[in-house]
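**Student:** Quick check, what structure comes out for this input:
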Amino acid sequence: MQGAVLAADDAEPLGIALEGYPFPHPVKFHALSYRGEDLRMAYMDVPPKANPNGQTVLLLHGANFFGAYWRDTITALTSAGYRVVVPDQIGFGKSSKPVLPYSFHWLAANTKALLDALGIARVAVVGHSMGGMLATRFSLMYPETVTHLVLENAIGLEDYREQVPWAPTDRVYKGVLAETEDSIRAYHKAYYVTWKPEFEEFVTVHARLRGSAQFPQYAWVRALVVQMIYEQPVVHEFPRLRVPTMLVIGQADRTAVGKARASETVRATLGLYPELGRRAHAAIPGSRLVELPNVGHTPHLEVPQRFHAALLEFFSQ
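**Tutor:** Numbering: from 1, shown residues only. Model prediction:
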């Protein structure tokens, strides 16, 4: 991302609220309160560049990312006349990181509160990875708010509890503490068919966070989020969706939460996105499926033009 500082593990540490890290558009904060804690939810609210069409798109990030990685998608949408709202969920990016129980219902309610504060009644919702699980929960809770739903390589297209052994939160936390720059890079590289130098930035951000005095707090939040994903599946509720839905599925994706905890035999059956996408398509009434051959977990970064073309075509209907 332009203006970002790429560094290794021993470079200048980065605060766990990404203090000093440049986002592509101005960041504002929405005040929230939860279990007696005052929190701040960061967001970008980007107006259309020209010829406003009166429609708004809500972009929901994945678990290992934050709102800034939607930079090119924001440009594509605002250039087509859309207003774009991009929150960092509580626990991510520039937002507060409380060590509290996390739930998709809570994150969805926070997002709805932000839209209400901005005076936005209707949105098209795009959710990538974990953001796809959140987008599903949001659409189930607030169907009157959602004009379109896009699930971009959403995780949770399968119920991980059925194949992956549960792990206590403190063990997940210790696993986050044990990560290194090399292990973070290896995880991110698995997201793509073709690794590009610009993807290194997301490795660098996570590596620099490790130098913060508050990194243990960040690691606890990461662990709590992993538990939320594992313990709160949405796949069984796909038939309840009643909003126009499009699934965009990179066919080379093999992402699955907790995969390392499963046996070698089970691991081979997890994260089979070609099959998972078709199964979700069959479960979601009236949905459409866009399959992207030779594309991994993050189409909007790996093949942005193809992803944005599918997005704009779907929104135009």
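
**Student:** Next one: residue 231 from residue 190, what distance?
**Tutor:** Relative to residue 190, residue 231 is positioned 23 Å away (C-beta to C-beta, to the nearest Å). In this view, the C-beta of every residue, glycine as well, is placed from N, C-alpha and C.

**Student:** the more surrounded of those two?
**Tutor:** residue 190 (15 against 12; other C-beta atoms under 10 Å).

**Student:** I figured the more buried one was touching residue 253, is that so?
**Tutor:** No: contact criterion C-beta atoms under 8 Å: residue 190 and residue 253 do not qualify, at 9.2 Å.

**Student:** Give the burial count for the closest residue to residue 83 other than its chain neighbours, as a bare number.
**Tutor:** Distances taken as C-beta to C-beta, 6 or more residues apart in numbering place residue 56 nearest to residue 83, at 4.4 Å, with adjacent residues excluded. Other residues near residue 56 come to 21 when the count uses other C-beta under 10 Å.

**Student:** for residue 294, same thing?
**Tutor:** Residues within reach of residue 294, counting by other C-beta under 10 Å, total 11.

**Student:** Identify the residues contacting residue 96.
**Tutor:** Counting by C-beta atoms under 8 Å, 6 or more residues apart in numbering, residue 96 touches 17, 37, 39, 40, 41, 90.

**Student:** Grab the nearest non-local neighbour of it.
**Tutor:** residue 39 (4.0 Å).

**Student:** next one: residue 105
**Tutor:** Using C-beta to C-beta, 6+ apart and skipping the chain neighbours, the partner closest in space to residue 105 is residue 137 (6.4 Å).

**Student:** Show me what counts as buried in the helix or strand the one you found falls within.
**Tutor:** Applying DSSP states H and E as the criterion places residue 137 in helix 130-141. The neighbour-count check on helix 130-141 (16 or more other C-beta atoms under 10 Å) flags 130, 131, 132, 133, 134, 135, 136, 137, 138, 139, 140 as buried.

**Student:** ok, now how distant is the second one from residue 89?
**Tutor:** As judged by C-beta to C-beta, residue 131 and residue 89 stand 8 Å apart.

**Student:** joint contacts of these two?
**Tutor:** 60, 61.

**Student:** Flag the shaky bits of the chain, pLDDT-wise.
**Tutor:** 1-11 (pLDDT under 70).

**Student:** Would you mind finding the longest strand in it?
**Tutor:** strand 37-46 (DSSP state E).

**Student:** centre of the chain versus stretch 176-196, how much separation?
**Tutor:** Relative to the centre of its chain, stretch 176-196 is centred 16 Å away, using C-alpha atoms, centre = their mean, to the nearest Å.

**Student:** Please disregard the earlier target; I meant stretch 69-79.
**Tutor:** In this view, stretch 69-79 has its centroid 15 Å away from the chain centroid, taken as C-alpha atoms, centre = their mean.

**Student:** Begin at 21, not 1, for the rest of this chat.
**Tutor:** Will do, 21 is the new start, and the previous item becomes stretch 89-99.

**Student:** Contacts for that stretch, please.
**Tutor:** 21, 44-45, 64, 66-70, 77, 79, 81, 104, 106, 146, 222, 320-321, 324, 327-328, 331-332.

**Student:** same thing but at 6 Å, please
**Tutor:** With contacts defined as C-beta atoms under 6 Å, 6 or more residues apart in numbering, stretch 89-99 is touched by 44, 66, 68, 69, 77, 79, 104, 106, 320, 324, 328.

**Student:** Thanks again, I'm all set now.
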